[in-house]
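Undergrad: give me a model of this one.
(chains A and B)
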Protein chains: 2
Amino acid sequence: MSRLTIALDAMGGDIGPRVTIPASIKALQKDPMLSLLLFGDSYQIRPLLEQVPESIQSRLTLIHCSRVIENNQGLSYALRHSKGTSMRLAIEAVQKGNAQACVSAGNTAALMGLAKIILQPVQGIERPALISTLPTVTGERSVMLDLGANIDCSAENLYQFALMGAVFAEQNLELVYPRIALLNIGIEEIKGNKAIREAAEMLKKHTALNYTGFIEGDLLLNGKADVIVSDGFIGNVALKTLEGSAKNMISLFKRNSSANTIIHNLKGLASKAIMQLFLKDSYRQLKKINPDQYNGASLIGLTAVVVKSHGGANIDGFAYAISDAALQARKKIPEKILSGLEKY
Amino acid sequence: MSRLTIALDAMGGDIGPRVTIPASIKALQKDPMLSLLLFGDSYQIRPLLEQVPESIQSRLTLIHCSRVIENNQGLSYALRHSKGTSMRLAIEAVQKGNAQACVSAGNTAALMGLAKIILQPVQGIERPALISTLPTVTGERSVMLDLGANIDCSAENLYQFALMGAVFAEQNLELVYPRIALLNIGIEEIKGNKAIREAAEMLKKHTALNYTGFIEGDLLLNGKADVIVSDGFIGNVALKTLEGSAKNMISLFKRNSSANTIIHNLKGLASKAIMQLFLKDSYRQLKKINPDQYNGASLIGLTAVVVKSHGGANIDGFAYAISDAALQARKKIPEKILSGLEKY
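TA: Okay, the predicted model is just below:
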């Protein structure tokens, strides 16, 4: 592994430094070639670093700033008032070459807006997109984009998303010739809107891309495609619908696990133990297809790696987002997208 | 209950008469004021009616036709070659006044296309929509439209969908002042595309409609809205994503129920019995939020009731679709939509 520096917005997320700082320490312990630039309020952050061993401290640089972009700020307000905020400084550190990637759990719209303005899209990419990894019921993983960065998309946009998604899947999931599908309302060629049908025609022509056709919403988790492409509106609704139904299933499951009166009446230790053994497996399987467990989405198509962690991520979740950013930076995803564009 | 005649496409669906005929008999047994016109191949249908008691036979009229619209036929081909098919004859029976509603499990696009041409939209409705009932985790039901009849929609279209959905929810779910929400990628006013934002403004102005704001995909099953409105592309993807994740969860659950080796090794009858009691509840709950269980969608906004059953519906499912059509016809949903349009 190569040496790498990542810039962190230490103030982002629902909890802030009490999650981002322990997560940073965890990520540094796991990755000895990693250094971090922490942007945030040193009065909140410094006490959290007191017990940290010297070997970790030496790879940690704290840059104080007192300003923060709040989650409830609208995009245009946030952009106008972004100067000197932890999020903007973290992105600027990448632009100046002080870091090779950036991670934030803050305001998604502001992060996308600032990253686009400051880091710029890869030459030839019209619009960066939000991409994330989806678990599948077969135990593999797929990637899906765009998840909300672009509401209306042209055929050319969708085509570029497919290309970026293929590069991402090749590098991050280590897949060869990943299968690409366009999310649509049917699998027949005549289905969908004009942009989707035209994107399908463009993808069919490029044999270097493994385009397999349309996919419908009911097969998103079934591993039928490695790269699932749609505009940001459809992708966002589909991903949230998946998350919602997984959460609902899990909560129904949990509720039943604790409230079933027949079982309560039995109360035998033996039957309880059996139950727990039994349920552990089912529950783990159900959790596996909760996309919430895969923390973070990446803004793909920019000249550098930007990872957006869930606002509600816990320490493990945020540490995963940092490792994910490190992986993408080491795999040089932005450069690979540029060379992919030149190739196709 | 009033006397009512429903026209059935007896040939539609994956199985055809071996499902539609027993389902018809079931529906007639349950509803003594109902009569059915069965359109289909009498050589296939007549043997299935042999054992049927006279009291049921007397409310059943078989009209022979040998032509059928196949599931794999494209829309334009199907429409051009629809003359004399079981589906078209069933719709024409409604147009001629021989029946008050129509049910088919056949080719969805052909059914929508033929129904629009032959039955015509209610005066003032630009576009009919596909509507269905969704279960919620709170045990109530919501309605959702459009589920795929219209790909691109204007603000006016979405507004009309909201109005039709509200009438449907009032009548079919017996709700007073049902809560309407627009499916979007965020709940803030600035989210979404122009059509959605404009539809929101239109809905806010009409206090006779109980518009409550935007809803995101993760809360579709949570009973936060009674009427969920979107264009047909978004609605179709969201519904199929819900169906897919519910099916996946149930199949993971089933797989674990039979394959858990620890349990298999125990093999005690007692522990098995406990397990079955325990799982029955969880499984029933999981199944409850599988939208597949609610059979059929309705084409709303036409001058008469048209119900589309799932192609793979079993006898109970198709019988449910017939009863649903009867309920809608008796509640006079098309007339209520017309008077709703005049009111708002």
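Undergrad: which stretches of chain A form strands?
TA: Remark: strands assigned in chain A by DSSP state E are A:4-9, A:34-40, A:60-64, A:101-104, A:129-135, A:141-145, A:179-183, A:210-215, A:227-229, A:297-300, A:305-308.
Undergrad: got a markdown table for these, with mean neighbour count and mean pLDDT too?
TA: C-beta here means a position set from N, CA and C on the backbone, and glycine is covered the same way. Below are the strands of chain A laid out as a markdown table (neighbours: other Cβ atoms under 10 Å in any protein chain shown; pLDDT from 0 to 100):
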| stretch | mean neighbour count | mean pLDDT |
| --- | --- | --- |
| strand A:4-9 | 26 | 98 |
| strand A:34-40 | 23 | 97 |
| strand A:60-64 | 16 | 97 |
| strand A:101-104 | 31 | 97 |
| strand A:129-135 | 23 | 90 |
| strand A:141-145 | 24 | 94 |
| strand A:179-183 | 25 | 98 |
| strand A:210-215 | 19 | 97 |
| strand A:227-229 | 30 | 98 |
| strand A:297-300 | 26 | 93 |
| strand A:305-308 | 28 | 96 |
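Undergrad: among those, which is nearest B:Lys116?
TA: Nearest to B:Lys116, of all the strands of chain A, is strand A:210-215, at 24.2 Å by Cβ to Cβ.
Undergrad: if we can go back for a sec, ok, which of the strands of chain A comes nearest chain B?
TA: strand A:179-183 (6.5 Å; Cβ to the nearest Cβ).
Undergrad: is that closest one positioned near chain B?
TA: Yes. Strand A:179-183 reaches chain B (Cβ under 8 Å from any Cβ of the partner chain) through A:Leu183.
Undergrad: mind listing the strands that strand pairs with, and their directions?
TA: Looking at strand A:179-183 with DSSP bridges, its partner strands are strand A:210-215 (parallel), strand A:227-229 (parallel).
Undergrad: dump the ones you listed to TSV, plus distance to B:Leu239.
TA: Converted to TSV, those look like this (distance: least, Cβ to Cβ, whole Å):
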stretch	distance to B:Leu239
strand A:210-215	15
strand A:227-229	17
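Undergrad: low-confidence ranges in chain A?
TA: Within chain A, the segments meeting pLDDT under 70 span A:250, A:252-295, A:344.
Undergrad: give me the most central residue, it.
TA: In chain A, the residue lying closest to the centroid (Cα atoms, centre = their mean) is A:Ala297, at 1.5 Å.
Undergrad: that residue pairs with what?
TA: A:Ala297 has the following beta-bridge partners by DSSP bridges: A:Lys308.
Undergrad: hang on, isn't it packed against A:Gly311?
TA: No. Taking Cβ atoms under 8 Å as the definition, A:Ala297 is not a contact partner of A:Gly311, at 11.8 Å.
Undergrad: tally up the residues packed near the nearest residue to A:Asn210 once chain neighbours are set aside, please.
TA: With Cβ to Cβ, 6 or more residues apart in numbering or on different chains as the criterion, A:Asn210 has its nearest non-adjacent residue at 4.7 Å, and that residue is A:Tyr177. If you count neighbours by other Cβ atoms under 10 Å in any protein chain shown, A:Tyr177 ends up with 12.
Undergrad: equivalent analysis for A:Gln51, please.
TA: By other Cβ under 10 Å, the residues close to A:Gln51 number 7.
Undergrad: and it, backbone torsions?
TA: When read as degrees, to the nearest 10, the backbone of A:Gln51 gives phi -90, psi 0.
Undergrad: look up how far chain B lies from it.
TA: Counting by Cβ to the nearest Cβ, to the nearest Å, the gap from A:Gln51 to chain B is 38 Å.
Undergrad: ok, A:Leu173 next?
TA: Distance of A:Leu173 to chain B, given as Cβ to the nearest Cβ: 20 Å.
Undergrad: list the contacts of the closest residue to that residue other than its chain neighbours.
TA: Closest residue to A:Leu173 apart from its sequence neighbours, by Cβ to Cβ, 6+ apart: A:Arg141 at 5.5 Å. By Cβ atoms under 8 Å, 6 or more residues apart in numbering or on different chains, the contact list for A:Arg141 reads A:Thr133, A:Leu134, A:Pro135, A:Leu173, A:Tyr294.
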